[in-house]
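**Q** sharing a model prediction with you, sequence too.
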Amino acid sequence: MKILGISGSPRKEDKSGTHALVTTVLENTGIEYKMVSLRGKTVNGCIACLGCVKDNICKVDDDLAPLRQDILEADAYVFGAPNYYSGMNALTHAFMERFYQFRHQTADLLWGKLAVAVGVGGTAGQAPADDIEKFFMYNFIETVAKVDGQGAASCYSCGHGETCQVGIPVMLHGEGVKFTPEMIPNVKKQVDVMASAAAAGKVLGERLKNNHDRMKVAMGVKEKMMSLFEESA
């Protein structure tokens, strides 16, 4: 068994809360995994060319192409993204748009696989985690757990965070804020968040080790998705 971990954060690994949480989930599965950062990679969104219809292979030539086989071979996924404007960032969104290549002619290439969705934001990470879960659902992949944490908004390092009237530091700490290392959010210091990531990894590992029925899982996700569609219609 193998798990594919994806960090969609553009930040360096040692500065990225997304990377830290995805890695923590992976490390606690007890299963072989491959961790990939999208930082520095060129991943374009779907261009609706329909070149993938006949063979379920995307024809856009960029840095996602070498990852296609990893996506197919993985039994499960741990994907994470930072919060941009109350949703996942464009890089992760583009990456997941390209999963369109796997679904033509009732292709079940990803059906019934398992996943954990991770989100990190300057105030909260729930929005990107929810976005990732939605993409998984469209591919009949079950999200067994979601993990979200508060990371350091760019306002803390932009140079104007203490005086900007619309930045997150002023929103969180009030006017006249003076930064201290202790006040800058870091998921690695959030005991409950790190515990949640570790627990999610254990849940994913146990589900995989129990030889889950992929078709049964896929049909369960499909039913849930259709019910959500009916509610929003």
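**A** Alright, I've got the coordinates. Residues are numbered from 1 along each chain as shown.

**Q** make it CA atoms for all contacts and neighbour counts henceforth
**A** Fine.

**Q** how about the helices in the protein?
**A** Along the chain, counting by DSSP state H, helices occupy 17-27, 68-73, 90-97, 126-138, 168-173, 191-209, 214-232.

**Q** output stretch 107-121 in CSV, but only the C-alpha positions, please.
**A** The C-alpha trace of stretch 107-121 is given here as CSV (Å, rounded to 0.1, in the frame of the first residue of the first chain):
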residue,chain,number,x,y,z
ALA,A,107,-13.6,5.3,-15.5
ASP,A,108,-13.2,4.1,-11.9
LEU,A,109,-9.5,4.8,-11.7
LEU,A,110,-9.9,6.7,-8.4
TRP,A,111,-13.2,5.4,-7.1
GLY,A,112,-13.3,4.3,-3.5
LYS,A,113,-9.9,5.5,-2.5
LEU,A,114,-9.5,7.2,0.9
ALA,A,115,-8.2,10.6,1.8
VAL,A,116,-7.5,13.2,4.4
ALA,A,117,-8.0,16.9,3.6
VAL,A,118,-5.8,19.5,5.3
GLY,A,119,-6.2,23.3,5.4
VAL,A,120,-4.2,26.1,7.0
GLY,A,121,-5.2,29.8,7.2
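
**Q** show the average pLDDT along that stretch.
**A** Computed over stretch 107-121, the mean pLDDT rounds to 97.

**Q** same check, this time on stretch 44-58
**A** 97.

**Q** which other residues reach that stretch?
**A** 59-60, 62, 65, 91, 93-95, 97-98, 100-105, 107 (CA atoms under 8 Å, 6 or more residues apart in numbering).

**Q** check what pLDDT residue 70 gets.
**A** pLDDT, read off for residue 70, is 98.

**Q** how about residue 230?
**A** pLDDT, residue 230: 82.

**Q** need phi/psi at the residue located most distally from the centre of the chain.
**A** Using CA atoms, centre = their mean, the residue of the chain lying farthest from its centre is residue 176. It sits 34.8 Å away. Torsion angles at residue 176 (phi, psi; degrees, to the nearest 10) stand at phi 80, psi 10.

**Q** ok, it - contacts?
**A** Residue 176 neighbours (CA under 8 Å, 6+ apart): 162, 163, 170.

**Q** and for the residue positioned nearest the centre of the chain, nearest residue in space, chain neighbours not counted?
**A** With distances taken as CA atoms, centre = their mean, residue 80 lies nearest the centre of the chain, 2.6 Å away. Spatial nearest neighbour of residue 80, excluding adjacent residues (CA to CA, 6 or more residues apart in numbering): residue 118 at 4.2 Å.

**Q** residue 39 too?
**A** Nearest one to residue 39, counting by CA to CA, 6+ apart, is residue 10 at 4.5 Å.

**Q** residues in contact with the one you found?
**A** 38, 39, 40.
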